[in-house]
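S.K.: okay, here's the prediction I keep looking at, along with the sequence it came from:
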Protein chains: 2
Amino acid sequence: MKKIAIILAGSGVYDGSEIHEAVMSMYAIVKAGAEYGIFAPDIHQHHVINHLNGEEMKESRNVLIESARIARGNIQDLKNFDATQYDALIIPGGFGAAKNLCTFAFDGPDCEVHKGVEDAIKNMLSLHKPIGALCISPVILAKVIGDQVELTIGSDQATAEAIETMEGLHALKDHGEIAVDLKHKVVTTPCYMLDATIAQIADGAIHVVNKLIELSE
Amino acid sequence: MKKIAIILAGSGVYDGSEIHEAVMSMYAIVKAGAEYGIFAPDIHQHHVINHLNGEEMKESRNVLIESARIARGNIQDLKNFDATQYDALIIPGGFGAAKNLCTFAFDGPDCEVHKGVEDAIKNMLSLHKPIGALCISPVILAKVIGDQVELTIGSDQATAEAIETMEGLHALKDHGEIAVDLKHKVVTTPCYMLDATIAQIADGAIHVVNKLIELSE
């Protein structure tokens, strides 16, 4: 049975992983007859956003502990991730990917990527294992991989330009469509970078996961 | 287009709504060509559980604000729920349903149901509109409806007995199966009351939602 690792960044679109994208990634994996292992870094969230009104809250939350809500407790510290144990890796989106897993939300193309996330990506690459990313998360792959890796974040002009500044290639894609870079075995889809329905999120996650499994044969 | 209301109880299986069940309810609704409106009561959570280790945290969180994470901010205070505007109602599970929407987790069959939740259920009933519940949430319907309403929470003996003490009838059901009470138009499924996969959660939610839509014709 294929095993796919998922890296989460908290729980909630504005300060963590986008919940629908994370859940649909898990769903797509199980539906495809594979299994998942979930990881998140044991770090403080950049901040906590009230998802009702969009304002910052005077609270402090931990990325691993909040990600555990999506994982129903079945999650590990990212420092324990071992690329030899997984056939593919997938990173759902949400602002947490751009605030906690890297600093793209603040620094754009000059962002730094969390060391554990960078190591996970580089270790999968060196083993020629496929990596998927949804929504805004492809910016992390652009930063770590560069090398004209082909990615999509949908059609947002500013983010597409940032990807090219980081030496990625941006491909315009619509709901549920995937960009596939065969050289690096990287598969990406826009999800909520477009104004999408939850059914379109499921489509995108399913297409990415099925391609990851195909590329891991 | 059919409109289905969803009542949430926070965000996370141990102190709020079970995230997969909530997300799969939304997915099932959109997949069926209907739309959803999400509601939650504006109250403090009973408590906050660290989902990594299961321990209580010294924090206070609000049910409406945390539920907004699952809803991506597209949520209303339950006090604004108007049964005339919806074709059906669905309540996903998770301990939050038994801790925040009612006190079943602490008081069993002697539980009290949050007034807004009780009103929502009674208003749907009086309009002969269907109501669905997943996982542990059928206990709320047993308490509010009684009248030998047929429900399932899967096969947990103690919970089944509690349902019968509240004058419900319990039906044994397996993964993805639904109990349908045609008199009260109530549809329930076990979800994570059984040791389920996320694909089985999707099956249960899809079967409940499709039957709700059928019963709302």
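M.R.: Perfect, thanks for sending it.

S.K.: the spatially closest residue to A:L8 that is not a sequence neighbour - how many residues pack around it?
M.R.: Excluding its sequence neighbours, the residue lying closest to A:L8 (CB to CB, 6 or more residues apart in numbering or on different chains) is A:S67, at 3.7 Å. Just so you know, the C-beta spots here come from the backbone N, C-alpha and C atoms, and that holds for glycine as well. Using other CB atoms under 10 Å in any protein chain shown, A:S67 has 30 other residues around it.

S.K.: tell me the confidence at A:S67?
M.R.: Per-residue pLDDT puts A:S67 at 99.

S.K.: so it touches A:G10, yeah?
M.R.: Yes. Between A:S67 and A:G10 there is a contact at 5.9 Å, judged by CB atoms under 8 Å.

S.K.: which residues do the two both contact?
M.R.: A:16-17, A:40 (CB atoms under 8 Å, 6 or more residues apart in numbering or on different chains).

S.K.: chain B: which of those is nearest?
M.R.: Taking CB to the nearest CB as the measure, chain B lies nearest A:G16 of the shared contacts of A:S67 and A:G10, at 7.8 Å.

S.K.: make sure the closest one is actually in contact with A:N100.
M.R.: Yes. If you go by CB under 8 Å, A:G16 and A:N100 touch, sitting 7.2 Å apart.

S.K.: that older thread, for the residue nearest to A:L8, what are its contacts?
M.R.: A:8-11, A:16-17, A:38, A:40, A:75.

S.K.: that one in helix, strand or coil?
M.R.: helix (DSSP: H, G, I helix; E, B strand; the rest coil).

S.K.: quick one: contacts for the residue of chain A most remote from its centre?
M.R.: Farthest-out residue of chain A from its mean C-alpha position, per CA atoms, centre = their mean: A:K58, at 26.7 Å. Counting by CB under 8 Å, 6+ apart, A:K58 makes contact with nothing.

S.K.: local confidence estimate at it?
M.R.: 97.

S.K.: do you know how far it is from B:E59?
M.R.: Using CB to CB, to the nearest Å, we find A:K58 at a distance of 12 Å from B:E59.

S.K.: what of A:I140?
M.R.: 29 Å.

S.K.: quick one, which of those two is more surrounded?
M.R.: Taking other CB under 10 Å, A:I140 and B:E59 do not tie; A:I140 has more neighbours (28 against 13).

S.K.: the strand or helix carrying the more buried one packs against which elements?
M.R.: Counting by DSSP states H and E, the element that carries A:I140 is helix A:138-145. The contact analysis (3 or more CB pairs under 8 Å, 6 or more residues apart in numbering or on different chains; DSSP states H and E) places helix A:138-145 against helix A:104-107, helix A:115-126, strand A:131-134, strand A:149-151, helix A:157-165, strand A:168-170, strand A:186-189.

S.K.: what's the closest of those to chain B?
M.R.: Of all the helices and strands packed on helix A:138-145, strand A:131-134 comes closest under CB to the nearest CB, at 14.5 Å.

S.K.: for the residue positioned nearest the centre of chain A, which non-adjacent residue is spatially closest?
M.R.: A centroid search over chain A (CA atoms, centre = their mean) returns A:I91, at 2.2 Å, as the residue closest to the centre. Nearest-residue entry for A:I91: A:S137, 4.2 Å, with adjacent residues in sequence omitted and distances by CB to CB, 6+ apart.

S.K.: how many neighbouring residues does the one you found have?
M.R.: Residues lying near A:S137 (other CB under 10 Å) number 32.

S.K.: unless I'm mixing things up, it is touching A:G96, no?
M.R.: No. In this structure A:S137 lies outside contact range of A:G96 using CB under 8 Å: 9.7 Å.
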